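In: here is my input; please provide its structure:
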Amino acid sequence: MDNQQKKKLSFFTIGLLFLFSGIEYAVILPTIWKYLQILDAPSYFLGLGLSAFSLSGLLSGPLFGHWSDRTRTTKTIILLSNVFEIVGNFMYFIGYSKWLLLSSRLVAGVGAGAGSSIFGYLTRNTVSEDRARVFAAVMACRQAGLLIGPAFNIFLRLCDFKLGPFVVNKYTSPGIFMCAMWLLLQLVVALLYWDLPPAESSELQTVVRQKQQQDGEEEEPLMGAEELADAYGTHDPEQSETQLSPERLSPSPPPPSPTEEMPHTPPDPFEDFSARKEFLREEVIVLLTAQFITLFNQTALETMVTPLTQRYFGFGELGNSVMYSLCGVEVILGFFFVRWLSRRVADRVVLAVGLVICAVACVWCIIFLAKPRGGYSVELAEFTIGVFLQLLGLPFVAVSQVSLFSKVTAEKTQGFSQGVRRSIGGVATILGPLWAGGLTENLYVMLGMMMLLLLLILMMVVFSYERLVEPPVVQHASDSTESEG
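Out: Residues are numbered from 1 along each chain as shown. Predicted coordinates:
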């Protein structure tokens, strides 16, 4: 099996992982509140349970990312993170007490931290022109999981039997169901996922191209591109035609090829790494701010929608399920539209368009939803338009800022950088519901804050627009080579 086939199967496995993460959210969220009530948990435990998953994920993300950057492997990390998902969901299934239930979400959340390693892997194994398309497809997989997840609840709510000493009912069944799903994924990862060789990374492709340009047609290269990929960092300088060590080379001959300077072991990607220089740059701050504000507003709106539909439209469980399904369809279509658009339009343009759509949607909600007027049909139409606009802008912002972030940060520490980005998103998913949860009766304040945040990021994008591009030379890509010289 060649590397291209392995790459396709590995990307398929990643898509399956994100699909399962969406399904998990969709099957557990509808039942966790009733489950906690059965265990005599106070109302604030719902917020704790939802936040616990995000909290452990934002803490484990940078650690997994750091690990993958040092080892250039992700398969072991995915297998380990799936163990946390399996154990966490089994604890959720047991559910003897509210504290065990809370702990189960903490444990399962650790598994979500592998996402940073996966985004780092995708960055290293895609060229910049295709990166937004790949990210859009992966994000669409999670949305597909959110969409089809409620369908599993149709048969899970019918469960009413015993499995040894454990009771399987509509509240505990999501735990054992997801435990089985993650076990299945373990098998898929073991069989269909590969840590591709460095030749698949854009960094090595750049080195190969530079070597070919230096050599030209004057002499036959010592190693072909495929041989260079197979022996990356293992070439012995004494085997070269000159038979000279670097110390004996005079200034007049051309510089040694990259293979002659490669150490036998991969260089430490964090040897010259500086968090201040990497993250305290204008373009990086803008993108991290976009990540925070987008997820803060999204989770705040998700918190607001259910009480709003119940208060003004009398939606019950069925009505909300239909609404979320339609929302899922729109978001998936949006991701595939952005996937198509990204090949024709620059990432910063997609980001700007998405933020403008979100701002228009927020203005619409302030005008028509903060204090609805008119009859039932008019209010429902206004609500539908507002939700449609909010979801329309989401794929534009989500895909473009992830793609841009992968291009303006160093490729060799991409796992750690993606962990930092996802951690900031995790903080937003914790704070968003907390902010909106106490303001469902005062939508002007809640939506007004969201509008201020959108205006802030819009101004930041305008002032930093020229910097929101991929650098001509990937930053830090040759740090390890320079440190050897």
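
In: and for Val378, the neighbour number?
Out: Val378 has 12 neighbours, counted by other Cβ atoms under 10 Å. Placement of C-beta: from N, CA and C, glycine included.

In: swap that for Pro307, sorry
Out: Per other Cβ under 10 Å, the neighbour tally for Pro307 reads 13.

In: one more: Ser464?
Out: Ser464 has 16 nearby residues by other Cβ under 10 Å.

In: could you look up the SS state of the nearest residue to it once chain neighbours are set aside?
Out: Leaving aside its sequence neighbours, Ser464 sits nearest to Val286 (Cβ to Cβ, 6 or more residues apart in numbering; 4.8 Å). For Val286, the assignment made with DSSP: H, G, I helix; E, B strand; the rest coil gives helix.

In: could you check how far Val286 is from Leu351?
Out: For Val286, the distance to Leu351 equals 9 Å [Cβ to Cβ, to the nearest Å].

In: which residues are common contacts for these two?
Out: Shared contacts of Val286 and Leu351, defined by Cβ atoms under 8 Å, 6 or more residues apart in numbering, comprise Val461, Leu468.

In: before we move on, back to that, for the residue nearest to Ser464, give me its contacts.
Out: By Cβ under 8 Å, 6+ apart, the neighbours of Val286 are Ile457, Met460, Val461, Ser464, Arg467, Leu468.

In: quick check, nearest of those to Thr306?
Out: Distances from those to Thr306 were compared by Cβ to Cβ; the smallest belongs to Ile457, at 26.2 Å.

In: the helix or strand where that closest one lies packs against which elements?
Out: In this assignment (DSSP states H and E), Ile457 forms part of helix 443-463. When contacts are defined as 3 or more Cβ pairs under 8 Å, 6 or more residues apart in numbering; DSSP states H and E, helix 443-463 packs onto helix 282-313, helix 347-368, helix 414-437.

In: can you do 6 Å?
Out: Here helix 443-463 touches helix 282-313, helix 347-368, going by 3 or more Cβ pairs under 6 Å, 6 or more residues apart in numbering; DSSP states H and E.

In: any buried residues in the last one, and which?
Out: Using 16 or more other Cβ atoms under 10 Å as the test for burial, helix 347-368 gives 347-355, 357-359, 361-362, 364-366, 368.

In: which stretches of the stretch 301-450 of the chain have low pLDDT?
Out: Residue ranges of the stretch 301-450 of the chain with pLDDT under 70: 316-318.

In: report pLDDT for the closest residue to Gln414 other than its chain neighbours.
Out: What sits nearest to Gln414 in space, not counting adjacent residues and going by Cβ to Cβ, 6+ apart, is Gly120, at 3.9 Å. As predicted, Gly120 sits at a pLDDT of 87.

In: give me the secondary structure label for Gly120.
Out: Applying three-state DSSP: Gly120 is helix.

In: didn't it look like it was pressed against Phe416?
Out: No. Using Cβ atoms under 6 Å, Gly120 is not in contact with Phe416, being 7.7 Å away.

In: overlap of the contact sets of the two?
Out: Gly65 (Cβ atoms under 6 Å, 6 or more residues apart in numbering).

In: need the buried ones from the contacts of Val286 selected in PyMOL.
Out: Of the contacts of Val286, the buried ones go into a single PyMOL selection, burial set by 16+ other Cβ under 10 Å:
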select buried, resi 457+460+461+464+468
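
In: let me know the closest of the contacts of Val286 to Gly426.
Out: Ile457 (18.3 Å).

In: how far away is that closest one from Leu288?
Out: Distance of Ile457 to Leu288, computed by Cβ to Cβ: 10 Å.

In: do Leu19 as well
Out: From Leu19 to Leu288 the distance is 27 Å (Cβ to Cβ).

In: between those two, which one's more packed in?
Out: Neighbours were counted for Leu19 and for Leu288 using other Cβ under 10 Å; Leu19 has more, 23 against 18.

In: skipping its backbone neighbours, what lies nearest Ile148 in space?
Out: Ile23 (6.8 Å).

In: tell me which strands and helices the lengthiest helix in the chain is in contact with?
Out: Longest helix of the chain, by residue count under DSSP state H: helix 3-38. Helix 3-38 sits against helix 44-71, helix 128-156, helix 173-192, with contacts defined as 3+ Cβ pairs under 6 Å, 6+ apart.

In: out of the ones you listed, flag the one nearest Ile430.
Out: helix 44-71 (4.8 Å).

In: what's the closest one packed up against?
Out: helix 3-38, helix 98-112, helix 114-124, helix 414-437.

In: what angle do that helix and helix 98-112 make?
Out: 30 degrees (axes from the mean of the first three to the mean of the last three Cα atoms, to 10 degrees).

In: and the next element down the chain from helix 44-71?
Out: helix 75-94.

In: for that next one, give me every contacting residue.
Out: Contacts for helix 75-94 (Cβ under 6 Å, 6+ apart): 64, 68, 100, 104, 107-108, 110-111, 114, 117, 172, 175-176, 178-179, 182-183, 185-186, 189, 193, 195.
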